[in-house]
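Novice: Give the three-dimensional model of this entry:
(one chain, ligands or ions: 1)
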Amino acid sequence: MSVLLPRPHGTHELQPLLLQVEEAEVELQRAQTLTKVPLSAREFGDLLMLGIGAFTPLTGFMRRDDWLSVCDTMHLANGLFWPIPITLSASREIASVLKPGQDIALVMDHGNDEIVATMKIEEIYTIDKTHECIEVFQATDTDHPGAALVMQQGECNLAGNVKVLSLGSCPQRFPNFILTPMQTRELFTVREWHKVAAFQTRNPMHRAHEHLVKSVLEWCDGIFIHSIIGELKQDDIPAEKSIAAINILIKNYFIKDAVVHAGYPLAMRYAGPREALLHAVFRQNYGCHYLIVGRDHAGIKNYYGAYDAHNIFDQIPKQALQIRPIKLAQAFWCHRCDGMASTHTCPHSKDQRMLLSGTKLRELLRKGEAVPDHFSRPEVLDILRKHYQENGLVEK
Ligand code: ADX
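Specialist: Numbers count the residues shown, from 1 in each chain. Okay, the predicted model is just below:
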(Lines give C-alpha, C1' and ligand atoms only; values in the text may rest on other atoms or scores of the structure.)
Protein backbone atom coordinates (compact mmCIF):
# COMPACT_ATOMS: atom_id res chain seq x y z
CA MET A 1 0.00 0.00 0.00
CA SER A 2 1.52 3.31 -1.02
CA VAL A 3 2.07 5.92 1.69
CA LEU A 4 -0.47 8.74 1.62
CA LEU A 5 0.66 11.87 3.44
CA PRO A 6 -1.53 14.94 3.95
CA ARG A 7 -1.04 17.50 1.21
CA PRO A 8 0.87 20.71 1.98
CA HIS A 9 -1.29 23.41 3.53
CA GLY A 10 -3.62 25.02 0.98
CA THR A 11 -1.76 23.68 -2.05
CA HIS A 12 -0.47 20.54 -3.72
CA GLU A 13 3.18 21.43 -3.73
CA LEU A 14 5.62 22.61 -1.10
CA GLN A 15 6.96 26.09 -1.77
CA PRO A 16 10.46 26.49 -0.26
CA LEU A 17 11.76 30.02 -0.82
CA LEU A 18 15.46 29.24 -0.30
CA LEU A 19 17.25 29.79 -3.62
CA GLN A 20 19.55 27.15 -5.11
CA VAL A 21 23.26 27.85 -4.45
CA GLU A 22 24.09 29.45 -7.81
CA GLU A 23 20.97 31.58 -7.92
CA ALA A 24 21.61 32.65 -4.32
CA GLU A 25 25.16 33.76 -5.18
CA VAL A 26 23.92 35.99 -8.00
CA GLU A 27 21.16 37.42 -5.80
CA LEU A 28 23.65 38.02 -2.99
CA GLN A 29 25.83 40.08 -5.35
CA ARG A 30 22.83 42.18 -6.34
CA ALA A 31 21.78 42.54 -2.68
CA GLN A 32 25.06 44.25 -1.70
CA THR A 33 23.79 47.55 -3.12
CA LEU A 34 20.34 47.36 -1.51
CA THR A 35 19.21 49.11 1.67
CA LYS A 36 19.67 46.75 4.60
CA VAL A 37 16.82 46.06 7.01
CA PRO A 38 17.57 44.13 10.22
CA LEU A 39 15.55 41.08 11.26
CA SER A 40 14.77 40.29 14.87
CA ALA A 41 15.29 36.71 16.06
CA ARG A 42 11.56 36.05 15.66
CA GLU A 43 11.52 37.44 12.14
CA PHE A 44 14.66 35.51 11.23
CA GLY A 45 13.02 32.30 12.47
CA ASP A 46 9.96 33.03 10.32
CA LEU A 47 12.19 33.73 7.32
CA LEU A 48 13.92 30.38 7.72
CA MET A 49 10.57 28.62 7.98
CA LEU A 50 9.62 30.31 4.69
CA GLY A 51 12.98 29.29 3.25
CA ILE A 52 12.65 25.58 3.97
CA GLY A 53 9.01 25.43 2.84
CA ALA A 54 7.59 24.88 6.33
CA PHE A 55 5.35 27.94 5.93
CA THR A 56 3.95 26.85 2.56
CA PRO A 57 2.01 28.48 0.90
CA LEU A 58 3.18 31.85 2.26
CA THR A 59 5.50 33.69 -0.12
CA GLY A 60 6.80 36.32 2.26
CA PHE A 61 5.85 38.68 5.08
CA MET A 62 2.16 39.54 5.34
CA ARG A 63 0.34 42.61 4.03
CA ARG A 64 -1.97 44.61 6.29
CA ASP A 65 -5.15 42.92 5.06
CA ASP A 66 -3.66 39.51 5.79
CA TRP A 67 -2.33 40.68 9.17
CA LEU A 68 -5.76 41.95 10.23
CA SER A 69 -7.64 38.98 8.86
CA VAL A 70 -5.28 36.54 10.59
CA CYS A 71 -5.59 38.42 13.90
CA ASP A 72 -9.38 38.59 13.72
CA THR A 73 -10.42 35.41 11.93
CA MET A 74 -7.35 33.13 11.78
CA HIS A 75 -7.61 33.20 7.99
CA LEU A 76 -5.64 35.07 5.33
CA ALA A 77 -7.53 37.67 3.30
CA ASN A 78 -7.91 35.02 0.55
CA GLY A 79 -9.72 32.72 3.00
CA LEU A 80 -6.91 30.24 3.75
CA PHE A 81 -6.58 29.19 7.38
CA TRP A 82 -3.55 30.77 9.11
CA PRO A 83 -3.53 31.36 12.89
CA ILE A 84 -0.62 33.74 13.65
CA PRO A 85 0.62 36.84 11.78
CA ILE A 86 3.95 36.39 10.02
CA THR A 87 5.17 39.96 9.75
CA LEU A 88 8.35 41.98 9.41
CA SER A 89 8.72 45.16 11.44
CA ALA A 90 10.93 48.21 10.95
CA SER A 91 11.51 51.39 12.89
CA ARG A 92 9.93 54.60 11.58
CA GLU A 93 13.43 55.82 10.81
CA ILE A 94 14.19 52.87 8.54
CA ALA A 95 10.70 52.83 7.01
CA SER A 96 10.92 56.54 6.15
CA VAL A 97 13.63 55.88 3.55
CA LEU A 98 11.78 52.96 1.96
CA LYS A 99 8.92 52.83 -0.52
CA PRO A 100 6.71 50.19 -2.11
CA GLY A 101 8.30 48.58 -5.17
CA GLN A 102 11.79 48.88 -3.69
CA ASP A 103 14.03 45.84 -3.21
CA ILE A 104 15.70 45.53 0.19
CA ALA A 105 18.25 43.20 1.77
CA LEU A 106 17.30 41.49 5.04
CA VAL A 107 20.13 41.08 7.54
CA MET A 108 20.42 39.43 10.91
CA ASP A 109 20.04 41.86 13.77
CA HIS A 110 22.16 39.99 16.31
CA GLY A 111 24.53 38.43 13.86
CA ASN A 112 27.29 39.63 11.63
CA ASP A 113 25.12 41.73 9.33
CA GLU A 114 25.00 38.78 6.94
CA ILE A 115 22.45 39.24 4.18
CA VAL A 116 20.06 36.32 4.46
CA ALA A 117 17.29 37.37 2.06
CA THR A 118 15.99 39.97 -0.32
CA MET A 119 12.45 41.30 -0.42
CA LYS A 120 10.47 43.44 -2.83
CA ILE A 121 8.42 45.79 -0.68
CA GLU A 122 4.75 45.52 -1.54
CA GLU A 123 3.36 47.60 1.29
CA ILE A 124 4.51 49.63 4.29
CA TYR A 125 1.90 49.88 7.03
CA THR A 126 1.31 50.44 10.69
CA ILE A 127 -0.60 48.17 13.02
CA ASP A 128 -2.45 48.35 16.28
CA LYS A 129 -0.01 46.27 18.34
CA THR A 130 -2.41 45.96 21.26
CA HIS A 131 -4.99 44.47 18.93
CA GLU A 132 -2.52 41.84 17.68
CA CYS A 133 -1.48 40.96 21.23
CA ILE A 134 -5.04 40.59 22.51
CA GLU A 135 -6.11 38.44 19.56
CA VAL A 136 -3.00 36.25 19.40
CA PHE A 137 -1.74 36.10 22.99
CA GLN A 138 -4.77 37.22 25.01
CA ALA A 139 -2.21 39.41 26.77
CA THR A 140 -0.60 42.78 26.26
CA ASP A 141 1.73 42.91 29.24
CA THR A 142 5.42 42.55 28.57
CA ASP A 143 5.69 39.71 31.08
CA HIS A 144 4.42 37.61 28.23
CA PRO A 145 7.52 37.07 26.03
CA GLY A 146 5.55 36.79 22.77
CA ALA A 147 3.45 39.88 23.47
CA ALA A 148 6.59 41.72 24.56
CA LEU A 149 8.21 41.12 21.18
CA VAL A 150 5.22 42.60 19.38
CA MET A 151 4.90 45.58 21.74
CA GLN A 152 8.62 46.35 21.42
CA GLN A 153 9.00 45.84 17.67
CA GLY A 154 9.35 48.76 15.21
CA GLU A 155 6.33 50.92 14.48
CA CYS A 156 5.98 49.93 10.83
CA ASN A 157 5.50 46.62 9.07
CA LEU A 158 7.00 45.82 5.68
CA ALA A 159 5.22 43.34 3.45
CA GLY A 160 6.49 41.51 0.40
CA ASN A 161 7.70 38.33 -1.22
CA VAL A 162 11.10 37.10 -0.08
CA LYS A 163 13.98 35.25 -1.68
CA VAL A 164 15.90 33.42 1.02
CA LEU A 165 19.65 33.24 0.39
CA SER A 166 20.98 31.46 3.44
CA LEU A 167 19.95 29.77 6.67
CA GLY A 168 22.53 31.86 8.57
CA SER A 169 24.52 29.96 11.16
CA CYS A 170 21.83 27.28 11.71
CA PRO A 171 23.44 24.55 9.58
CA GLN A 172 26.75 25.01 11.45
CA ARG A 173 25.10 25.17 14.88
CA PHE A 174 22.90 22.15 14.18
CA PRO A 175 24.65 20.05 11.52
CA ASN A 176 22.25 17.80 9.57
CA PHE A 177 19.54 18.46 12.15
CA ILE A 178 17.18 20.82 10.34
CA LEU A 179 15.08 18.72 8.02
CA THR A 180 12.91 20.36 5.39
CA PRO A 181 9.32 19.23 4.80
CA MET A 182 10.48 17.71 1.52
CA GLN A 183 13.06 15.62 3.36
CA THR A 184 10.68 14.36 6.04
CA ARG A 185 8.04 13.48 3.46
CA GLU A 186 10.64 11.40 1.69
CA LEU A 187 11.74 9.78 4.96
CA PHE A 188 8.20 8.90 6.05
CA THR A 189 7.54 7.42 2.62
CA VAL A 190 10.73 5.33 2.60
CA ARG A 191 9.93 4.06 6.09
CA GLU A 192 6.38 3.25 4.97
CA TRP A 193 4.83 5.22 7.78
CA HIS A 194 1.12 5.33 6.99
CA LYS A 195 0.33 7.08 10.24
CA VAL A 196 2.81 9.71 11.46
CA ALA A 197 2.37 11.90 14.53
CA ALA A 198 4.44 14.98 15.27
CA PHE A 199 5.58 15.74 18.78
CA GLN A 200 6.34 19.41 19.36
CA THR A 201 8.86 20.25 22.04
CA ARG A 202 10.98 23.07 23.39
CA ASN A 203 12.33 20.97 26.25
CA PRO A 204 14.51 18.00 27.04
CA MET A 205 12.00 15.16 27.19
CA HIS A 206 11.05 13.94 30.65
CA ARG A 207 9.00 10.89 31.59
CA ALA A 208 5.68 12.67 30.90
CA HIS A 209 6.82 13.61 27.39
CA GLU A 210 8.07 10.06 26.83
CA HIS A 211 4.74 8.69 28.04
CA LEU A 212 2.78 10.84 25.58
CA VAL A 213 4.94 9.81 22.66
CA LYS A 214 4.91 6.12 23.54
CA SER A 215 1.13 6.11 24.06
CA VAL A 216 0.78 7.38 20.51
CA LEU A 217 3.37 4.93 19.18
CA GLU A 218 1.03 2.15 20.31
CA TRP A 219 -1.07 2.88 17.23
CA CYS A 220 0.98 5.13 14.94
CA ASP A 221 3.76 3.81 12.67
CA GLY A 222 6.19 6.53 13.59
CA ILE A 223 6.77 9.67 15.60
CA PHE A 224 8.38 12.83 14.36
CA ILE A 225 9.96 14.49 17.40
CA HIS A 226 10.34 18.08 16.34
CA SER A 227 12.57 20.24 18.56
CA ILE A 228 12.48 23.98 18.30
CA ILE A 229 15.93 25.49 17.69
CA GLY A 230 14.96 29.15 17.29
CA GLU A 231 14.99 31.70 20.08
CA LEU A 232 13.55 30.69 23.46
CA LYS A 233 12.96 32.70 26.61
CA GLN A 234 16.09 33.22 28.62
CA ASP A 235 15.46 30.68 31.35
CA ASP A 236 14.48 27.84 29.01
CA ILE A 237 17.01 25.02 28.60
CA PRO A 238 19.11 25.85 25.49
CA ALA A 239 18.11 23.91 22.38
CA GLU A 240 21.50 22.20 22.10
CA LYS A 241 21.04 20.63 25.55
CA SER A 242 17.43 19.62 24.98
CA ILE A 243 18.42 17.98 21.72
CA ALA A 244 21.28 16.05 23.35
CA ALA A 245 18.92 14.90 26.11
CA ILE A 246 16.30 13.77 23.60
CA ASN A 247 18.90 11.94 21.53
CA ILE A 248 20.08 9.93 24.51
CA LEU A 249 16.49 9.20 25.50
CA ILE A 250 15.77 7.89 22.01
CA LYS A 251 18.98 5.83 22.02
CA ASN A 252 18.24 4.16 25.35
CA TYR A 253 14.46 3.98 25.53
CA PHE A 254 12.92 3.97 22.03
CA ILE A 255 12.82 1.67 19.05
CA LYS A 256 15.15 3.66 16.83
CA ASP A 257 13.29 3.06 13.58
CA ALA A 258 10.02 4.33 15.05
CA VAL A 259 11.36 7.85 15.60
CA VAL A 260 12.69 10.72 13.51
CA HIS A 261 14.14 13.58 15.56
CA ALA A 262 14.81 16.90 13.83
CA GLY A 263 14.88 20.62 14.52
CA TYR A 264 12.98 23.58 13.12
CA PRO A 265 14.20 27.16 13.21
CA LEU A 266 11.16 29.04 14.53
CA ALA A 267 11.37 31.33 17.55
CA MET A 268 8.94 30.32 20.29
CA ARG A 269 6.04 32.76 20.70
CA TYR A 270 4.41 31.11 23.77
CA ALA A 271 1.00 31.83 22.23
CA GLY A 272 -0.62 28.70 23.69
CA PRO A 273 -3.71 27.72 21.67
CA ARG A 274 -2.92 29.90 18.65
CA GLU A 275 0.60 28.54 18.54
CA ALA A 276 -0.76 24.99 18.71
CA LEU A 277 -2.65 25.75 15.51
CA LEU A 278 0.48 27.14 13.86
CA HIS A 279 2.31 24.00 15.00
CA ALA A 280 -0.38 21.97 13.25
CA VAL A 281 -0.15 23.97 10.01
CA PHE A 282 3.54 23.42 9.55
CA ARG A 283 3.54 19.80 10.77
CA GLN A 284 1.02 19.18 7.99
CA ASN A 285 3.59 20.64 5.62
CA TYR A 286 6.12 18.21 7.08
CA GLY A 287 3.79 15.38 6.09
CA CYS A 288 2.40 14.44 9.50
CA HIS A 289 -1.14 13.09 9.90
CA TYR A 290 -1.36 14.03 13.56
CA LEU A 291 0.02 16.53 16.07
CA ILE A 292 0.25 15.57 19.73
CA VAL A 293 -1.25 18.31 21.88
CA GLY A 294 -0.79 17.79 25.58
CA ARG A 295 -1.37 19.87 28.65
CA ASP A 296 -0.75 23.63 28.30
CA HIS A 297 0.80 23.23 24.86
CA ALA A 298 3.09 26.18 24.02
CA GLY A 299 1.82 27.90 27.13
CA ILE A 300 3.54 30.02 29.70
CA LYS A 301 2.79 30.80 33.35
CA ASN A 302 -0.99 31.02 33.80
CA TYR A 303 -1.85 32.84 30.61
CA TYR A 304 -3.86 29.93 29.19
CA GLY A 305 -6.12 27.22 30.51
CA ALA A 306 -4.47 23.78 30.64
CA TYR A 307 -6.60 22.54 27.73
CA ASP A 308 -7.22 25.73 25.73
CA ALA A 309 -4.94 24.30 23.05
CA HIS A 310 -7.19 21.22 22.83
CA ASN A 311 -10.38 23.21 22.63
CA ILE A 312 -9.26 25.62 19.92
CA PHE A 313 -9.14 22.75 17.43
CA ASP A 314 -12.92 22.42 17.87
CA GLN A 315 -13.41 26.12 17.14
CA ILE A 316 -11.92 26.15 13.64
CA PRO A 317 -13.66 24.98 10.46
CA LYS A 318 -13.29 21.23 9.95
CA GLN A 319 -11.71 21.63 6.53
CA ALA A 320 -9.17 24.22 7.75
CA LEU A 321 -6.51 21.55 8.25
CA GLN A 322 -5.89 17.98 7.11
CA ILE A 323 -3.65 17.21 10.09
CA ARG A 324 -5.57 16.21 13.24
CA PRO A 325 -4.70 16.85 16.89
CA ILE A 326 -4.19 13.97 19.31
CA LYS A 327 -5.36 15.53 22.54
CA LEU A 328 -3.66 14.04 25.57
CA ALA A 329 -4.33 14.75 29.22
CA GLN A 330 -1.83 15.62 31.90
CA ALA A 331 0.65 12.79 32.43
CA PHE A 332 2.60 12.01 35.61
CA TRP A 333 4.15 9.26 37.67
CA CYS A 334 1.65 7.78 40.13
CA HIS A 335 3.05 6.02 43.17
CA ARG A 336 -0.11 3.91 43.63
CA CYS A 337 -0.26 2.91 39.96
CA ASP A 338 3.48 2.37 40.19
CA GLY A 339 3.92 3.76 36.73
CA MET A 340 3.22 6.58 34.35
CA ALA A 341 -0.43 7.51 34.13
CA SER A 342 -2.66 10.44 33.27
CA THR A 343 -5.78 12.13 34.52
CA HIS A 344 -7.59 9.94 31.96
CA THR A 345 -6.39 6.69 33.47
CA CYS A 346 -5.38 7.17 37.10
CA PRO A 347 -8.05 7.00 39.83
CA HIS A 348 -5.73 8.01 42.68
CA SER A 349 -5.50 11.21 44.64
CA LYS A 350 -3.18 14.09 43.91
CA ASP A 351 -0.81 13.23 46.75
CA GLN A 352 0.06 9.98 44.92
CA ARG A 353 1.10 11.88 41.81
CA MET A 354 4.53 13.25 41.07
CA LEU A 355 3.97 16.55 39.30
CA LEU A 356 6.89 18.80 38.57
CA SER A 357 6.75 21.95 36.47
CA GLY A 358 9.59 23.05 34.22
CA THR A 359 10.06 26.06 36.47
CA LYS A 360 10.34 23.86 39.58
CA LEU A 361 12.78 21.53 37.82
CA ARG A 362 15.02 24.43 36.80
CA GLU A 363 14.91 25.65 40.40
CA LEU A 364 16.07 22.24 41.69
CA LEU A 365 18.87 22.12 39.13
CA ARG A 366 19.90 25.66 40.04
CA LYS A 367 20.04 24.77 43.70
CA GLY A 368 21.84 21.50 42.94
CA GLU A 369 19.05 19.62 44.74
CA ALA A 370 17.75 16.12 44.03
CA VAL A 371 15.05 15.76 41.40
CA PRO A 372 12.28 13.40 42.56
CA ASP A 373 12.46 9.82 41.30
CA HIS A 374 10.62 9.02 38.08
CA PHE A 375 10.40 12.60 36.89
CA SER A 376 13.11 12.16 34.32
CA ARG A 377 15.40 9.44 33.00
CA PRO A 378 18.81 9.60 34.72
CA GLU A 379 20.66 10.09 31.41
CA VAL A 380 18.56 13.19 30.72
CA LEU A 381 19.17 14.61 34.19
CA ASP A 382 22.91 13.98 33.81
CA ILE A 383 22.99 16.23 30.75
CA LEU A 384 20.99 18.94 32.48
CA ARG A 385 23.08 18.83 35.69
CA LYS A 386 26.26 19.04 33.64
CA HIS A 387 24.88 22.04 31.76
CA TYR A 388 24.05 23.83 35.02
CA GLN A 389 27.48 23.03 36.49
CA GLU A 390 29.55 23.89 33.42
CA ASN A 391 27.79 27.19 32.94
CA GLY A 392 28.02 28.29 36.55
CA LEU A 393 24.25 28.13 36.94
CA VAL A 394 24.33 26.23 40.23
CA GLU A 395 24.00 28.55 43.20
CA LYS A 396 26.84 28.19 45.68
S1 ADX B 1 5.91 23.28 24.49
O2 ADX B 1 6.04 24.70 24.75
O3 ADX B 1 6.68 22.81 23.36
O4 ADX B 1 4.49 22.86 24.43
P5 ADX B 1 6.97 21.14 26.13
O6 ADX B 1 8.20 20.85 25.34
O7 ADX B 1 7.09 20.96 27.59
O8 ADX B 1 6.50 22.63 25.84
O9 ADX B 1 5.77 20.25 25.66
C10 ADX B 1 5.75 19.43 24.57
C11 ADX B 1 4.39 18.76 24.43
O12 ADX B 1 4.17 17.95 25.59
C13 ADX B 1 3.19 19.70 24.39
O14 ADX B 1 2.19 19.14 23.58
C15 ADX B 1 2.72 19.77 25.83
O16 ADX B 1 1.35 20.08 25.92
C17 ADX B 1 2.98 18.33 26.26
N18 ADX B 1 3.23 18.16 27.72
C19 ADX B 1 4.31 18.57 28.42
N20 ADX B 1 4.24 18.13 29.71
C21 ADX B 1 3.09 17.42 29.80
C22 ADX B 1 2.44 16.69 30.85
N23 ADX B 1 2.97 16.58 32.07
N24 ADX B 1 1.27 16.09 30.57
C25 ADX B 1 0.70 16.16 29.35
N26 ADX B 1 1.26 16.83 28.33
C27 ADX B 1 2.44 17.45 28.53
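
Novice: In the stretch 101-250 of the chain, mark out all the helices, start to finish.
Specialist: 129-137, 145-152, 170-173, 181-190, 207-217, 239-253 (DSSP state H, counting those that start in this stretch).

Novice: If you tally nearby residues, what's the number for the closest residue to the ligand within the stretch 201-350 of the chain?
Specialist: Relative to the ligand, the nearest point of the stretch 201-350 of the chain is residue 294 (2.4 Å; Cβ to the nearest ligand atom). Glycine gets a C-beta too; all of them are placed from N, C-alpha and C. By the criterion of other Cβ atoms under 10 Å, residue 294 has 25 neighbours.

Novice: any low-confidence regions in this structure?
Specialist: Applying pLDDT under 70 to the chain flags residues 110-111.

Novice: buried residues in stretch 36-52?
Specialist: Residues of stretch 36-52 classed as buried: 37-52 (neighbour count, 16 or more other Cβ atoms under 10 Å).

Novice: Relative to residue 380, which of those is nearest.
Specialist: residue 45 (25.5 Å; Cβ to Cβ).

Novice: show me what contacts whichever residue of the stretch 51-200 of the chain sits closest to the ligand?
Specialist: Across the stretch 51-200 of the chain, no residue is closer to the ligand than residue 200, which sits at 4.9 Å (Cβ to the nearest ligand atom). Counting by Cβ atoms under 8 Å, 6 or more residues apart in numbering, residue 200 touches 226, 228, 279, 283, 291, 292, 297, 298.

Novice: Show me which strand runs longest in this protein.
Specialist: If you go by DSSP state E, the chain has its longest strand at strand 115-126.

Novice: what packs against that one?
Specialist: Counting contacts by 3 or more Cβ pairs under 8 Å, 6 or more residues apart in numbering; DSSP states H and E, strand 115-126 packs against helix 21-31, strand 35-39, helix 41-52, strand 60-61, helix 64-73, strand 103-108, strand 156-164.

Novice: what does the first one contact?
Specialist: Applying Cβ under 8 Å, 6+ apart, the contact partners of helix 21-31 are 18, 19, 105, 115, 118, 163, 165, 166.

Novice: ok, now the second one?
Specialist: Contacts to strand 35-39, defined as Cβ under 8 Å, 6+ apart, come from residues 47, 88, 90, 94, 97-98, 102, 104-109, 113, 115-116, 119, 158.

Novice: Which among those count as buried?
Specialist: Buried, going by 16+ other Cβ under 10 Å: 47, 88, 90, 94, 98, 104-108, 115-116, 119, 158, out of these.

Novice: and which of these is nearest to residue 195?
Specialist: residue 47 (32.0 Å).

Novice: Contact partners for the nearest residue to that closest one once chain neighbours are set aside?
Specialist: With Cβ to Cβ, 6 or more residues apart in numbering as the criterion, residue 47 has its nearest non-adjacent residue at 5.6 Å, and that residue is residue 117. By Cβ under 8 Å, 6+ apart, residue 117 lies in contact with 47, 51, 105, 106, 162, 163, 164, 165.

Novice: tell me the contacts of residue 224?
Specialist: 184, 188, 196, 197, 198, 199, 259, 260, 262, 283, 286, 288.

Novice: May I see those organised as TSV, with neighbour count added?
Specialist: Shown next, in TSV, are the contacts of residue 224 (neighbours: other Cβ atoms under 10 Å):
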residue	neighbour count
184	24
188	23
196	26
197	26
198	26
199	26
259	17
260	21
262	20
283	29
286	31
288	31
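
Novice: Among those residues, which ones are in strands?
Specialist: 196, 197, 198, 199, 259, 260, 262.

Novice: wait, doesn't the first one sit right on residue 291?
Specialist: Yep, that's residue 196 we're talking about. No: here residue 196 does not reach residue 291: they are 10.2 Å apart, not a contact under Cβ atoms under 8 Å.

Novice: Backbone torsions only: list them for the closest residue to residue 61 other than its chain neighbours.
Specialist: Excluding the flanking residues, the one nearest residue 61 by Cβ to Cβ, 6+ apart is residue 88, at 4.0 Å. Main-chain dihedrals, residue 88, degrees, to the nearest 10: phi -120, psi 130.

Novice: can you pull the contacts of residue 88?
Specialist: 37, 39, 43, 46, 61, 106, 119, 157, 158, 159.

Novice: now, which of those sits nearest residue 331?
Specialist: Taking Cβ to Cβ as the measure, residue 331 lies nearest residue 46 of those, at 31.2 Å.

Novice: would you turn the contacts of residue 117 into JSON lines with distance to residue 69?
Specialist: Putting the contacts of residue 117 into JSON lines (distance: Cβ to Cβ, whole Å) gives the following:
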{"residue": "47", "distance to residue 69": "21"}
{"residue": "51", "distance to residue 69": "24"}
{"residue": "105", "distance to residue 69": "29"}
{"residue": "106", "distance to residue 69": "24"}
{"residue": "162", "distance to residue 69": "20"}
{"residue": "163", "distance to residue 69": "25"}
{"residue": "164", "distance to residue 69": "24"}
{"residue": "165", "distance to residue 69": "29"}
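
Novice: count of neighbours near residue 22?
Specialist: 8.

Novice: my read: residue 124 touches residue 154, true?
Specialist: No: taking contacts as Cβ under 8 Å, residue 124 lies outside contact range of residue 154: 10.9 Å.

Novice: Overlap in contacts, the two.
Specialist: 90, 95.

Novice: Residue 278: which element?
Specialist: In this structure, residue 278 is located in helix 272-285 according to DSSP states H and E.

Novice: Report the distance from that helix to the chain centre.
Specialist: From the chain centre to the centre of helix 272-285 is a distance of 8 Å (Cα atoms, centre = their mean, to the nearest Å).

Novice: what about that helix, near the ligand?
Specialist: No: using Cβ under 6 Å from any ligand atom, helix 272-285 never reaches the ligand; the gap is at least 7.6 Å.
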